[in-house]
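Participant: Have a look; sequence and predicted model below, questions after that.
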Amino acid sequence: MSYQHAQDNWFAAIVIGFIALAVLVNIIRARMGAQLYIRRIPGLDAIDEAIGRSTELGRPVTMIPGMTAFGVVAVQALTIFKYITKQIARFATPMRLLSGDPTVFAVAQEAIYDAYNEAGRPDLYDADNIRFLSDRQFAFASGVAGLIQRERVAASFMFGEFFAESLIFAETGNMVGAIQIAGTVSFTQVPFFVAACDYTIIGEEFYATSAYLSREPVLLGSLVGQDIAKLLFALTTLGGVVAATIAGTDAPIIKLLGQPGGWDAFWSSVLKGGGQ
Amino acid sequence: MHMLTNLMAQQTIWQLPEGSRVLLATLIVLGAFVLILGLVPVLQTLPPRGRRAIIVTVTFLAGLFFAAEFFLPVDWTAIFPKDDPKRNFLTPAIQPAQNVLQIIGALALGLGTFGLVRLHLRNAVQRRAQWGYSIVLLVSFVVMATLSILNTLAEKEIVERGPVLKRAFSILFDYTLVQLDAAMFSLIAFYIFSAAYRAFRIRSIEASILMFTAMLVMIGVVPLGAFISYTLLGLPEGASPEGANFLTQLEHSIGLPKIADWVLTQLNAPAQRAIEFGVGIGGLAMAIRLWLSLERGVT
């Protein structure tokens, strides 16, 4: 089996290095006390409102990380669920966390236990509320839909990676009148969530969520670093458009930016040009 | 010793003779269990700070391995002519590292299944609300697991695949589970319809633009769009000729299939790519925080 390496495209490797540097430098800045601004995200402001409604109705809150395999997306989803659980613990609102991945389920048990402990209510923790239903897509979907229907949940939080099952969750929640907040990195599922949920957190906002909720300097600094990296991408795109318009799409600079192995082509053409 | 010599000479466990292979595989599995069962209590007895130090170190080293493997040059043929130019010295360790992740996943699957069975056993024994569903789940779980294990053993020719086993497995898997999956999947069509109805209700300028664009795209990508544009309205198909005037070019561009294509490739695709860029950068930043143990959410 062959794997990708930095040598395949040094330009991409340098970009990765730059993004990492931008993130780390801004984390250090934030830790040193720099005041960093984060814009308002309405979907995240609505989390407390949804929890309040569940508490008033005495009906459970569901948290669904989907079929997300354990990785950065799952960690981010569980970080958000941990925050929600801390809020829930203050009002003793019932909750259910439903996972379709066994590794995420195992980590979720620990994360939720920690959340209740940190909120000072370890007595409210019940291991049965964190459930692994199935790792089979539609078996999991029917399990979640059934639970939402039977328990008439009042709020549903869907954060993670979702596939075709996303609309089954969102429409079932809609049918029982739950407030629904979804956040996903799966852009193909975004239209379904936008259509069926009250609030949708799209793309990179998903990764901004923990910074927004906790206001921790490390996370805020990381977010600013991400913004700088996005600016780099925007400038690269703009530069590419201008360069392609002036020099044509076969120019070495365009190959450098847009093709695997373009780095070698670029330098060989520069060296040839220098030798002439 | 003879077995180890054999193993070293033949490179993989699967090339060993039958008896040695089973014995060695059993020893490896038992050794791994003993290691895990021993490691957990040792970690539990450590103070939180010590435990965290171990986790931080292991996380950093694991991350460093993957980063080094990616960034280290792969082509060393200038120095070592016989070297493979598509891999560095860390590359062969990638597959075993991924196998370890799979083993952890398999252990977690056992944990998840145990939790599920425990919950439903409690529901059934204590006759909690809707305990009948729990009975259905437990019976289905036991029957399906038994038949699946027997079927796998039959595939490996360890047990005989009799007509009863063949038929029972077929009824449960092909005629029940697969059909239930298909039924759930087909529900999505109805859900799309109800969600789309709510999304396309004209309540604001944005919703109106959304509905109008969606109608154009939906009609444009099906044969009806081509029929309306090229047969009913008589618009010209294909690209406009070179040097054509503005009106001719416009005529060639306003067919519904072309408008749908333009919306999908010139408006939709760039927006999706922008989201993907953001997601990629966010994921990378998160991975860096996890690698350096700066993320305190669930770690």
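Facilitator: Here it is on my side, so go on.
Participant: count of neighbours near residue 141?
Facilitator: Went with chain A since none was named. 28 (other C-beta atoms under 10 Å in any protein chain shown). Backbone N, C-alpha and C define where each C-beta goes, glycine included.
Participant: Switch to chain B, please.
Facilitator: By other C-beta under 10 Å, the residues close to B:Phe141 number 14.
Participant: ok, then the element right after the one helix or strand it maps to?
Facilitator: If you go by DSSP states H and E, B:Phe141 is part of helix B:131-155. Counting by DSSP H and E, the next helix or strand C-terminal to helix B:131-155 is helix B:163-172.
Participant: what comes up buried for that following helix?
Facilitator: Residues of helix B:163-172 classed as buried: B:165, B:168-169, B:172 (neighbour count, 16 or more other C-beta atoms under 10 Å in any protein chain shown).
Participant: Stretch A:246-256 now?
Facilitator: By 16+ other C-beta under 10 Å, the buried positions in stretch A:246-256 come out as A:252-256.
Participant: for stretch B:68-85, same thing?
Facilitator: Residues B:69-70, B:72, B:74, B:76 are the ones in stretch B:68-85 that count as buried (16+ other C-beta under 10 Å).
Participant: that older thread, which outside residues touch the helix holding B:Phe141?
Facilitator: A:146, B:116-117, B:119-121, B:123-124, B:128, B:159-161, B:165, B:168-169, B:172-173, B:177 (C-beta atoms under 8 Å, 6 or more residues apart in numbering or on different chains).
Participant: Would you mind listing the buried residues in it?
Facilitator: B:134, B:137-138, B:147, B:150-151, B:154.
Participant: Where do the helices of the chain begin and end?
Facilitator: Using chain A. Here chain A has its helices, by DSSP state H, at A:10-31, A:42-57, A:72-91, A:102-118, A:137-151, A:166-175, A:190-196, A:205-214, A:217-247, A:252-258, A:262-275.
Participant: wait, chain B
Facilitator: Going by DSSP H, chain B shows helices at B:2-10, B:18-45, B:48-71, B:94-125, B:131-155, B:163-172, B:178-199, B:205-220, B:223-226, B:246-253, B:256-262, B:269-291.
Participant: Quick one: closest of the helices of chain A to B:Ile104.
Facilitator: Of all those, helix A:102-118 sits nearest to B:Ile104, with 6.7 Å by C-beta to C-beta.
Participant: which outside residues touch the closest one?
Facilitator: Applying C-beta under 8 Å, 6+ apart, the external contacts of helix A:102-118 come out as A:65, A:68-70, A:74-75, A:77-79, A:81-83, A:85-86, A:89, A:95, A:97, A:99, A:122, A:124-125, A:127, A:129-132, A:135, B:104-105, B:108-113, B:115, B:297-298.
Participant: May I have it as CSV, with CA atoms only?
Facilitator: The C-alpha atoms that make up helix A:102-118 are tabulated as CSV, following Å, rounded to 0.1, in the frame of the first residue of the first chain:
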residue,chain,number,x,y,z
PRO,A,102,-18.3,1.6,20.1
THR,A,103,-15.0,3.5,20.7
VAL,A,104,-16.9,6.8,20.8
PHE,A,105,-19.4,5.2,23.2
ALA,A,106,-16.5,4.1,25.6
VAL,A,107,-15.0,7.6,25.6
ALA,A,108,-18.4,9.2,25.9
GLN,A,109,-19.1,7.3,29.1
GLU,A,110,-16.0,8.8,30.7
ALA,A,111,-16.6,12.3,29.3
ILE,A,112,-20.2,12.4,30.6
TYR,A,113,-19.1,11.0,34.0
ASP,A,114,-16.5,13.8,34.2
ALA,A,115,-19.1,16.4,33.2
TYR,A,116,-21.4,15.4,36.0
ASN,A,117,-18.5,15.3,38.4
GLU,A,118,-17.3,18.8,37.3
